[in-house]
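make a model of this:
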Amino acid sequence: MRMICTKKRSPVRTAGTFALLVLLMGSCSEKNEKMPNGDGFKVSNCLAGFDYRYDELLTKADVQKHLPIDEDTYKEDINAGKTYGNCRRSWNSDRPDLEMELLGIKAPYPDKNFVEVKMLSFYDFDQNASGKASAVDAFDRAYKKLSDEEYQQLLANLEKNFADNPSALETAKGLLDARRNSTYASVEGLGDRAYWNWRGEYGVNLVVLAGLAQFTIESRTSDDAASSLEVAVKMANEVLEKCN
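Residues are numbered from 1 along each chain as shown. All right, here's what the predicted structure looks like:
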């Protein structure tokens, strides 16, 4: 089973905003040819075995278990990238059109139902208790609300690493402030960790950690955040159940 994108916790040595991503989320690099075996990592090893076939991770049949699909307007978009690939399924809803403005001109566009799976990636920590704890810690640092103490610690790290680059420091501070103001909330009982936020007309963004693997479900099936989240959680469980 191959792993194309791994996340490493390494010292920050590079310039620019990449350093902040390392501090908050870990870095993405290519590639480990094989996921090592280890007790307690069945799900992440299984997900690696799908080799980024997103249409198989979450199938149309999976979606239809939980949602009625309008076959006449159903559309399936598959991007065959690896970590940055996706499979998006959409169809017309009974909601009124949304409105966008471009160059001062307002135009309606359909508020479609959609379900999307994307962003499968893997942490490269060892498959043992320590490695699993490290993956959970890195995932939490990426999505949970930062405490004042955590914010100050990250800020101090940035100021140290960018002491000779005021422009990069200013950019990194901006990203750190945006991270501090992120609106992700935890979802209990889903994978090893899960966080979500609601983006209005763009729907739910749900990120899930299982072992060393993480993936994202995006969905909009209602104007209501709670009911859209319920659907997204069901979709995430369909992915996870393929490996249980």
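
need the longest strand for the chain.
strand 113-123 (DSSP state E).

packing partners for it?
Applying 3 or more C-beta pairs under 8 Å, 6 or more residues apart in numbering; DSSP states H and E, one finds that strand 113-123 contacts strand 6-8, helix 42-49, helix 54-57, strand 86-91, helix 129-143, strand 213-220, helix 225-241. In this view, the C-beta of every residue, glycine as well, is placed from N, C-alpha and C.

in a helix, residue 206, correct?
No: under DSSP: H, G, I helix; E, B strand; the rest coil, residue 206 falls outside any helix and is assigned strand.

for the remainder of this discussion, apply numbering that starts at 29.
Got it, first residue is 29 now, which makes that one residue 234.

still on that earlier bit, for the helices and strands packed on strand 141-151, give me JSON lines that also has distance to residue 100, mean neighbour count and mean pLDDT.
Listed next are the helices and strands packed on strand 141-151 as JSON lines, based on distance: least, C-beta to C-beta, whole Å; neighbours: other C-beta atoms under 10 Å; pLDDT from 0 to 100:
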{"stretch": "strand 34-36", "distance to residue 100": "41", "mean neighbour count": "19", "mean pLDDT": "39"}
{"stretch": "helix 70-77", "distance to residue 100": "33", "mean neighbour count": "20", "mean pLDDT": "93"}
{"stretch": "helix 82-85", "distance to residue 100": "21", "mean neighbour count": "19", "mean pLDDT": "97"}
{"stretch": "strand 114-119", "distance to residue 100": "8", "mean neighbour count": "21", "mean pLDDT": "97"}
{"stretch": "helix 157-171", "distance to residue 100": "38", "mean neighbour count": "18", "mean pLDDT": "91"}
{"stretch": "strand 241-248", "distance to residue 100": "19", "mean neighbour count": "25", "mean pLDDT": "97"}
{"stretch": "helix 253-269", "distance to residue 100": "21", "mean neighbour count": "19", "mean pLDDT": "96"}
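
among those, which is nearest residue 216?
In terms of C-beta to C-beta, the element of these nearest to residue 216 is helix 253-269, at 10.3 Å.

and the closest one with strand 241-248, angle?
140 degrees (axes from the mean of the first three to the mean of the last three C-alpha atoms, to 10 degrees).

follow-up on the earlier one: so for residue 132, which of the helices and strands packed on strand 141-151 sits nearest?
Closest among those, using C-beta to C-beta: strand 241-248, at 26.7 Å.
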